[in-house]
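A.B. asks: Sharing a model prediction with you, sequence too.
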Amino acid sequence: MMQTGLIVGIDGPGLDASTQQLLRHPAVVGVILFARNFRDSGQLRELTAGLAELKHPRLLICVDQEGGRVQRFTDGFTPLPPAASIGRWYPRHPDRALDLAYRHGRVMAAELLGHGVDLSLAPVLDLDRGSRVIGDRAFADEPDAVIALARHFIAGMADAGMKSCGKHFPGHGSIAGDTHDETVEDDREFDALAPDIQPFKALAGELDAVMPAHVRYPGVDAQPAGFSSIWIGRILRRSLGFEGVVVSDDLDMAGAGEPLDPLERLAAAQSAGCDLALVCSPPSVASLLQQLSGEEADYQAARRAAASLYGRAPFTLAEQELVPEFRAWKKSLTKLARS
């Protein structure tokens with residue numbers, strides 16, 4: 001039976017022997033990096049080079065580098081504005097906003113790829129309609145604006161050589177609770193969720209990956225969306241026609257469900273149809289791997305899913321820095337981020 005592959009968090013800015021041993025487990029197909037793993041540009045390049053050499057096929061290297069309050073790498077990187085800062089231009093100056101969204105995706109992706117990072121888990125496709133955890137991470141509160149801006153953001157990522165991951169399906173932005181810290185329910189019926197679903201529907205053919213929310217939508221299914229075969233199989237796959245990779249949100253989050261332990265959560269994500277699953281806490285990773293199959297053959301599909309999200313930059317970052325337009329894009333984003 002094919003098993004869901006893990007994208008795992010690690011401790012610190014380097015790779016000690018115990019971390020390397022964990023990462024060589026067949027279940028591990030990727031790594032997600034955080035601020036705790038970053039000191040400076042040189043250290044990050046050394047870390048990603050070490051990760052790339054650790055096993056074959058190589059690990060997928062991910063990060064959340066959305067901009068604003070969710071930017072893990074700072075020193076040596078362009079300060080990126082929150083998505084909402086771009087969205088505020090859209091009602092009066094749509095062309096300017098769309099250009100900024102493209103620049104944001106292009107610069108963000110180029111800088112990460114230039115440091116050996118494959119994928120930023122972006123864009124956020126949620127609506128800004130009252131969620132504490134989403135807020136200015138969303139482009140706008142209306143679906144049409146989110147779709148237009150995210151489409152240009154994705155185009156910027158793609159032109160830099162990076163794949164995309166839309167989140168948090170079917171929409172986390174209209175409910176106040178934070179799934180990092182609590183179980184969250186959106187009790188609207190399916191038809192009432194249509195505005196939140198609309199960006200995922202419109203962009204299903206353009207996204208390379210989708211991350212489901214840990215929110216429960218009891219009007220559709222009692223399980224959180226990331227553990228629901230109704231949301232993933234019936235709605236995302238069959239109704240919306242999404243054919244890419246489904247990546248569960250962090251299994252350590254409170255919203256993933258109580259009292260399930262990480263192994264039960266992983267089983268639920270796998271049963272629902274997740275190809276890959278995030279486990280961001282290193283102690284959870286170590287505990288979980290002790291309970292998982294060590295057979296390489298069990299994770300062939302997961303390795304293929306991870307490999308489909310590798311970054312492939314057409315130019316080096318140094319080459320792009322020689323282009324005046326690229327440097328101008330960086331300056332405009334820095335100015336917006338600091339305004």
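C.D. replies: The structure has been received and is ready for your questions.
A.B. asks: top helix in this structure by residue count?
C.D. replies: Longest helix in the chain by number of residues, with DSSP state H as the criterion: helix 94-113.
A.B. asks: tell me how far that helix is from the chain's mean position?
C.D. replies: Relative to its parent chain, helix 94-113 has a centroid offset of 17 Å by C-alpha atoms, centre = their mean, to the nearest Å.
A.B. asks: ditto for stretch 300-308
C.D. replies: Between the centre of stretch 300-308 and the centre of its chain there are 16 Å (C-alpha atoms, centre = their mean).
A.B. asks: Contacts for it, please.
C.D. replies: With contacts defined as C-beta atoms under 8 Å, 6 or more residues apart in numbering, stretch 300-308 is touched by 2-5, 7, 27, 29-30, 57, 59-60, 163, 208, 244-245, 275-276. The C-beta positions use only the backbone N, C-alpha and C, and glycine is treated the same way.
A.B. asks: How much space separates the nearest residue to residue 137 once chain neighbours are set aside from residue 220?
C.D. replies: Among residues not flanking residue 137 along the chain, residue 124 sits closest, at 4.8 Å (C-beta to C-beta, 6 or more residues apart in numbering). Per C-beta to C-beta, to the nearest Å, residue 124 is found 21 Å from residue 220.
A.B. asks: same check, this time on residue 279
C.D. replies: 26 Å.
A.B. asks: who's more crowded, those two?
C.D. replies: The residue with more neighbours, out of residue 279 and residue 220, is residue 279; 25 against 19, by other C-beta atoms under 10 Å.
A.B. asks: The longest helix of the chain - what's its average pLDDT?
C.D. replies: Helix 94-113 carries an average pLDDT of 98.
A.B. asks: which secondary structure elements does the helix or strand that it is followed by contact?
C.D. replies: Helices and strands here follow DSSP states H and E; after helix 94-113, the next one along the chain is strand 119-120. Packing partners of strand 119-120 (3 or more C-beta pairs under 8 Å, 6 or more residues apart in numbering; DSSP states H and E): strand 60-63, helix 94-113.
A.B. asks: so can I have CSV of those showing distance to residue 158 and mean neighbour count?
C.D. replies: Formatted as CSV, the helices and strands packed on strand 119-120 follow (distance: least, C-beta to C-beta, whole Å; neighbours: other C-beta atoms under 10 Å):
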stretch, distance to residue 158, mean neighbour count
strand 60-63, 17, 25
helix 94-113, 8, 23
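A.B. asks: Adding distance to residue 192, write these out as a markdown table.
C.D. replies: Converted to a markdown table, those look like this (distance: least, C-beta to C-beta, whole Å):
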| stretch | distance to residue 192 |
| --- | --- |
| strand 60-63 | 33 |
| helix 94-113 | 28 |
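A.B. asks: Determine which of the ones you listed approaches residue 77 most closely.
C.D. replies: helix 94-113 (5.4 Å; C-beta to C-beta).
A.B. asks: now the stretch 151-300 of the chain, which segments are flagged as low pLDDT?
C.D. replies: 259 (pLDDT under 70).
A.B. asks: Now do the contacts for the residue sitting nearest the centre point of the chain.
C.D. replies: By C-alpha atoms, centre = their mean, the chain has its centre lying nearest to residue 121, at 2.1 Å. Residues near residue 121 by C-beta under 8 Å, 6+ apart: 32, 62, 63, 64, 165, 167, 209, 211, 247.
A.B. asks: Top of the residues you listed by number of neighbours, please.
C.D. replies: Going by other C-beta under 10 Å, residue 247 tops those with 30 neighbours.
A.B. asks: any idea how far that one is from residue 83?
C.D. replies: Residue 247 is 19 Å from residue 83, by C-beta to C-beta.
A.B. asks: Residue 174 now?
C.D. replies: 16 Å.
A.B. asks: Tell me which of the two has more neighbours.
C.D. replies: The residue with more neighbours, out of residue 174 and residue 83, is residue 83; 30 against 20, by other C-beta under 10 Å.
A.B. asks: so what's that one up against?
C.D. replies: With C-beta under 8 Å, 6+ apart, residue 83 has these contacts: 66, 67, 68, 104, 123, 124, 136, 137, 138, 139, 149, 153.
A.B. asks: where does it land on pLDDT?
C.D. replies: At residue 83, the model reports a pLDDT of 98.
A.B. asks: what do you get for residue 1?
C.D. replies: The model reports residue 1 with a pLDDT of 66.
A.B. asks: ok, the closest residue in space to residue 268 that isn't next to it in sequence - how many residues close by?
C.D. replies: Distance criterion C-beta to C-beta, 6+ apart; nearest residue to residue 268, sequence neighbours excluded, is residue 227 at 4.0 Å. Number of residues near residue 227 (other C-beta under 10 Å) recorded here: 28.
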